[in-house]
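Engineer: return a 3D structure for these sequence lines:
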Amino acid sequence: MLYQDKVLSIDVLRHRVLVKGKEVKLSPTEFRLLMVLTQNDGIVISVNHLLDLIWGNTEVSEANVREYIYLLRKKLGGFQLIETVREFGYRYNRAIKRTS
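Structural biologist: All right, here's what the predicted structure looks like:
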C-alpha cells in the first residue's frame, strides 16, 4: 500500500517515508502514528483513541502522544501536516503550509 500527497509518500510494505522526495527515518511508533493520521485524513482523532490504536492497553499517558506528535512534526520538516485540535486531538491535513 502506498500513500501519497503533495509532500508525503508512504510505502507501507517497505516501511519507507519520503518528505518532498527525501527519505525520513521513523521509529515504529512514529510510523504507526503517521499511518493512523494519514488513513483518517481530515478527521480529528482524539488523544484517547490514538492511545488505544497506537499503544493498545498499556499504561501510556497523553504526554506520550504529545511527544510523538512533536517528534513526527519535527521529522516532517516544518510542513504543518498535523493539526492540533485544542482540547480534543489531532488531524492530518493535506492542505499544507510551510512554517518559516
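
Engineer: would you quantify the distance from the residue sitting furthest away from the middle of the chain to Leu51?
Structural biologist: Counting by CA atoms, centre = their mean, the extreme residue of the chain relative to its mean C-alpha position is Glu59, 20.8 Å from that point. Here Glu59 is placed at a distance of 10 Å from Leu51 (CB to CB, to the nearest Å). Yep, even glycine has a C-beta here, placed from its N, CA and C like the rest.

Engineer: could you do Ser27 as well?
Structural biologist: Per CB to CB, Ser27 is found 17 Å from Leu51.

Engineer: so is the spatially most central residue of the chain in a helix, a strand, or just coil?
Structural biologist: Most central in the chain under CA atoms, centre = their mean is Leu34, positioned 3.0 Å from the mean C-alpha point. Secondary structure state of Leu34, per DSSP: H, G, I helix; E, B strand; the rest coil, is helix.

Engineer: ok, now which ones touch the closest residue to it other than its chain neighbours?
Structural biologist: The shortest distance from Leu34 to any residue other than its chain neighbours is 6.0 Å, reached at Leu72 (CB to CB, 6 or more residues apart in numbering). Residues in contact with Leu72, defined by CB atoms under 8 Å, 6 or more residues apart in numbering, are 26, 30, 33-34, 82.

Engineer: following the helix or strand hosting Leu72, which helix or strand comes up?
Structural biologist: Of the helices and strands defined by DSSP states H and E, Leu72 is found in helix 62-75. Scanning forward in sequence from helix 62-75, with DSSP H and E defining helices and strands, the next element found is strand 82-85.

Engineer: so Thr58 belongs to a strand, correct?
Structural biologist: No. The secondary structure assignment for Thr58 gives coil rather than a strand, going by three-state DSSP.

Engineer: distance of it relative to Arg14?
Structural biologist: Noted for Thr58: a distance of 27 Å to Arg14, by CB to CB.
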